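In: Sharing a model that was predicted from the sequence below.
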There are 6 protein chains.
Amino acid sequence: MPYINIKITDEQVTKEQKARLIKGATQLLVDVLNKNPATTIVVIDEVNTDNWGVGGQVVTDLRKQNT
Amino acid sequence: MPYINIKITDEQVTKEQKARLIKGATQLLVDVLNKNPATTIVVIDEVNTDNWGVGGQVVTDLRKQNT
Amino acid sequence: MPYINIKITDEQVTKEQKARLIKGATQLLVDVLNKNPATTIVVIDEVNTDNWGVGGQVVTDLRKQNT
Amino acid sequence: MPYINIKITDEQVTKEQKARLIKGATQLLVDVLNKNPATTIVVIDEVNTDNWGVGGQVVTDLRKQNT
Amino acid sequence: MPYINIKITDEQVTKEQKARLIKGATQLLVDVLNKNPATTIVVIDEVNTDNWGVGGQVVTDLRKQNT
Amino acid sequence: MPYINIKITDEQVTKEQKARLIKGATQLLVDVLNKNPATTIVVIDEVNTDNWGVGGQVVTDLRKQNT
């Protein structure tokens, strides 16, 4: 019955990577808390880098500085 | 003043259906808790089926298995 | 599979009222979108009035002004 | 380490405005609680007006009534 | 920079189990997406069983039926 | 109509500090996007340090290491 929400920046995450996140997060709740995977929900939010800030700066700008 | 967030998979939900969800959720808070509808907010998130997992599986894959 | 989150102020909501919110929200998704209730999750967050603001004011203070 | 989520309707918010929201929200946590900005995260969600309701009505419809 | 929110029912989860959830979720984002763990945030919400519904029923009641 | 959620660790935040967060966040949305403060909602979640992780570590443990 757990609900897990993963928020990441929208930077070319593949369908296969999303499948691994969903599988891994569900398994984590089984391993640690013995939760029933059948009713465990995982939702991945991909957020535009213009809409994500860290350290008061927009991630889009941080990415440019690092290249 | 309540805030209601409805997360569903992004599968051709119509504007009319969204209007019914918004109206119905707002009315529910009026009926049960006598909340003021004027400041009740409803936000609907439509999530790509690639980004939604249940039972450790991606919904996109589950949909294929069911057809 | 929908996930519904209802945030309300923590003001003596009874267990019976919570049950009605859970039942009503689940039924709404059945009625409007034909969702499977068995995997529909509803989570109610009761928030201290000190921690809720509207119009830039703390709800605790708004409640006092209204009495 | 704070996490701040700002949900607004998707109505032509510019990258510059988003940068101001991110900077301002991060600074607010510094000013009030002396939080470390380096690990403060701000996420802005822009929500389609079809998916946002207030007063039981869809914002898309409210916007039309106001013009 | 990812943000992970894990919502579970409040049923005697130990501090050690929470530590494992935090460690495991952070590692998952490293393994799958090569994210920097230093700025990865995990927040666990423990929700009263009166406030959690599945299948339209309150979890508190479901637990009683199962004993 | 914006909705702002501020998540911080539960470490003796005063009612006065919460009022400043609510006022400041509401004003930020007025200043940057000219939003109507009357329907702007701010919700502050105070999270137990046992339930908050950064860098894969529980904040409770990080606090001990820093003293």
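Out: Received the coordinates, thanks.
In: quick one: secondary structure of residue A:6?
Out: Following DSSP: H, G, I helix; E, B strand; the rest coil, residue A:6 is assigned to strand.
In: these two touch, right, it and residue A:44?
Out: Yes: assessed by CB atoms under 8 Å, residue A:6 is found in contact with residue A:44 at 4.9 Å. All C-beta atoms are positioned from the backbone trio N, CA, C, and that covers glycine.
In: hey, what's in contact with both of those two?
Out: In terms of CB atoms under 8 Å, 6 or more residues apart in numbering or on different chains, residue A:6 and residue A:44 are both contacted by the residues residue A:21.
In: Show me which residues of chain A are close to chain C?
Out: Counting by CB under 8 Å from any CB of the partner chain, chain A comes close to chain C at A:1, A:3, A:39, A:41, A:43.
In: Identify, from the residues you listed, the entry nearest to residue F:17.
Out: Among the residues of chain A next to chain C, residue A:3 lies closest to residue F:17 (CB to CB), at 29.6 Å.
In: who's more crowded, residue A:6 and residue A:44?
Out: For the pair residue A:6 and residue A:44, the greater number of neighbours falls to residue A:6 (27 against 23), based on other CB atoms under 10 Å in any protein chain shown.
In: how much space is there between the more buried one and residue E:26?
Out: Taking CB to CB, to the nearest Å as the measure, residue A:6 and residue E:26 are separated by 11 Å.
In: what residues are shared contacts of those two?
Out: Common contacts of residue A:6 and residue E:26, defined by CB under 8 Å, 6+ apart, comprise residue E:4.
In: all strands for chain A, in order.
Out: A:3-9, A:41-47, A:52-54, A:57-58 (DSSP state E).
In: between those strands, which one is nearest to residue C:16?
Out: Residue C:16 sits nearest to strand A:3-9 of all the strands of chain A, at 23.9 Å, using CB to CB.
In: Could you list the buried residues of the top helix by length along chain A?
Out: Longest helix of chain A, by residue count under DSSP state H: helix A:15-33. For helix A:15-33, burial by neighbour count (16 or more other CB atoms under 10 Å in any protein chain shown) applies to A:18-19, A:21-26, A:28-29, A:32-33.
In: coming back round to it: closest to residue F:63 among the residues of chain A next to chain C?
Out: Proximity of these to residue F:63 was ranked by CB to CB; the top entry is residue A:3 with 27.6 Å.
In: check contacts around that closest one.
Out: A:40-41, A:43, C:3, C:41, C:43, E:6-7.
In: Reformat those into CSV and put pLDDT and distance to residue D:53 next to each item.
Out: Converted to CSV, the contacts of residue A:3 look like this (pLDDT from 0 to 100; distance: CB to CB, whole Å):
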residue, pLDDT, distance to residue D:53
A:40, 95, 29
A:41, 97, 23
A:43, 98, 20
C:3, 98, 17
C:41, 97, 21
C:43, 98, 19
E:6, 98, 28
E:7, 98, 23
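In: In TSV, list the residues you listed along with distance to residue B:13.
Out: Shown next, in TSV, are the contacts of residue A:3 (distance: CB to CB, whole Å):
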residue	distance to residue B:13
A:40	23
A:41	18
A:43	16
C:3	15
C:41	18
C:43	21
E:6	27
E:7	24
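In: out of these, which is most surrounded?
Out: Going by other CB under 10 Å, residue E:6 tops the contacts of residue A:3 with 27 neighbours.
In: what about it, distance to residue E:28?
Out: Distance of residue E:6 to residue E:28, computed by CB to CB: 11 Å.
In: likewise residue A:24?
Out: The spacing between residue A:24 and residue E:28, counted by CB to CB, is 4 Å.
In: which residues of chain A score low on pLDDT?
Out: For chain A, the stretches flagged by pLDDT under 70 are A:67.
In: near chain D, which residues of it?
Out: Counting by CB under 8 Å from any CB, the residues of chain A near chain D are A:7, A:47, A:50-58, A:60-61.
In: Buried ones among those residues?
Out: Among the residues of chain A next to chain D, the ones that count as buried by 16+ other CB under 10 Å are A:7, A:47, A:50-58, A:60.
In: Let's have the residues you listed in TSV, adding distance to residue A:66.
Out: What follows is those, written out as TSV (distance: CB to CB, whole Å):
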residue	distance to residue A:66
A:7	21
A:47	18
A:50	16
A:51	18
A:52	15
A:53	15
A:54	13
A:55	13
A:56	16
A:57	12
A:58	13
A:60	11
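In: Can you tell me how far residue A:15 is from chain E?
Out: Here residue A:15 is placed at a distance of 12 Å from chain E (CB to the nearest CB, to the nearest Å).
In: From chain E, how far off is the closest residue to that residue other than its chain neighbours?
Out: Spatial nearest neighbour of residue A:15, excluding adjacent residues (CB to CB, 6 or more residues apart in numbering or on different chains): residue B:50 at 5.2 Å. Separation of residue B:50 from chain E (CB to the nearest CB) stands at 14 Å.
In: pretty sure residue B:50 is in contact with residue A:21, am I right?
Out: No: under the criterion of CB under 8 Å, residue B:50 makes no contact with residue A:21, lying 10.8 Å away.
In: which bits of chain A sit near chain E?
Out: Counting by CB under 8 Å from any CB, the residues of chain A that sit close to chain E are A:1-9, A:13, A:17, A:20-21, A:24-25, A:28-29, A:31-33, A:35, A:39, A:52, A:54, A:59.
In: let's see it at 7 Å
Out: A:1-9, A:13, A:17, A:20-21, A:24-25, A:28, A:32-33, A:39, A:54 (CB under 7 Å from any CB of the partner chain).
In: From chain D, how far off is the one residue in chain A that gets nearest to chain B?
Out: Going by CB to the nearest CB, chain B is nearest to residue A:22 of chain A, at 3.1 Å. Residue A:22 sits 20 Å away from chain D, going by CB to the nearest CB.
In: Show the contacting residues for that residue.
Out: Residue A:22 makes contact with A:42, B:53, B:56, B:58, according to CB atoms under 7 Å, 6 or more residues apart in numbering or on different chains.
In: ok, those vs chain E, which is closest?
Out: residue A:42 (10.0 Å).
In: how about that closest one, what does it touch?
Out: Residues in contact with residue A:42 (CB under 7 Å, 6+ apart) are A:4, A:6, A:22, A:25-26, B:53.
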